[in-house]
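> structure for the following, please:
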Amino acid sequence: MKPEKIKFMLMASNMGRAVKFYRDVIGFEEIFTTDFWSELAFGDAIIALHGGHNGSKNPTGLSLQFEDVLEAADRIQAGGAAIIETPIQRPGEPLLQGRFRDREGNEVHITQYLG
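A predicted model of the protein is given here:
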């Protein structure tokens, strides 16, 4: 038995706002949307949004890699999310890494591979 798909679920207190952020700011393609469950895709990766969250902080294991993470951080902040760690290079790591918190409370890592 093999999985059919892999979905990474995030919580949403305002589904319309969450879908708009991940579609318009991050660049995911909207698959379908309801008030309680929505799915957005980037290639084979699927972000599922589960409605009914209270908006409190929600650390996640999600990491999004960008070609230019500093430009992405600016776009993310302009889109309404809070940058909670500005992307920096830590000693010995071949990447810039930071974090943001979307308006639903989900904390997501953002990176750029430096090679």
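> quick check: residue 29 touching residue 41?
Yes. Contact status for residue 29 versus residue 41: in contact at 5.1 Å, counting by C-beta atoms under 8 Å. For every residue, glycine as well, the C-beta is placed using N, CA and C.
> looking at the two, which one has more neighbours?
Using other C-beta atoms under 10 Å as the criterion, residue 29 and residue 41 rank with residue 41 on top: 15 against 12.
> buried residues, stretch 49-58. List them.
49, 51, 53, 58 (16 or more other C-beta atoms under 10 Å).
> inside strands: which ones of those residues?
Of the positions in those, 49, 51, 58 sit in strands, assigned by DSSP state E.
> which residues touch the second one?
Taking C-beta atoms under 8 Å, 6 or more residues apart in numbering as the contact definition, residue 51 lies against 12, 13, 15, 34, 35, 36, 37, 38.
> now the two most distant members of those.
13 and 34 (15.0 Å; C-beta to C-beta).
> compare these two (neighbour count), which wins?
Legend: neighbour count by other C-beta under 10 Å for residue 13 and residue 34, higher for residue 13 (15 against 10).
> how about residue 75, nearest residue that isn't a chain neighbour?
residue 25 (6.1 Å; C-beta to C-beta, 6 or more residues apart in numbering).
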